[in-house]
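In: sequence unknown, structure follows:
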């Protein structure tokens, strides 16, 4: 059974940092593109960051570029999202997701392209 379990959410003052973790079981995460999405209250779920199975530079939502960093620890089958300089607009439930390695272009923001999802962890940034 595949499981993605996020942790690390909570209440954070604006300007501070937080690291989210996504523990993966049931699959080998190094063979998957791993990504983070988020959904604010009353908003659509949006792409935040992605690290591809094939390697290369991660890519990010414009508004988090330079503040957030996605990384993976393959031996631990864990993916992280380091969030710095947090802003109230970053308040959301953050979801970890995995997409199996397959060729071809796809829209990184299309949730249907991803195979597995976690339950989410809530981050609230106070002003």
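Out: Cool, the structure landed. The model shown is predicted, which means the values in this text are computed figures rather than measured ones.
In: Tell me how many other residues crowd residue 24.
Out: Counted with other CB atoms under 10 Å, the burial measure for residue 24 works out to 24 neighbours. C-beta here means a position set from N, CA and C on the backbone, and glycine is covered the same way.
In: isn't there a helix covering it?
Out: No. Residue 24: not assigned to a helix; according to DSSP: H, G, I helix; E, B strand; the rest coil it is strand.
In: I figured it was touching residue 80, is that so?
Out: No. Using CB atoms under 8 Å as the test, residue 24 is too far from residue 80 to be in contact (11.6 Å).
In: Just want the most central residue of the chain.
Out: Centroid-nearest residue in the chain: residue 36, 1.8 Å away (criterion: CA atoms, centre = their mean).
In: who's in contact with it?
Out: 20, 22, 48-50, 70, 79, 81, 94-97 (CB atoms under 8 Å, 6 or more residues apart in numbering).
In: Out of those residues, which comes closest to residue 107?
Out: Proximity to residue 107 was ranked across the contacts of residue 36 by CB to CB; first place goes to residue 50, at 11.3 Å.
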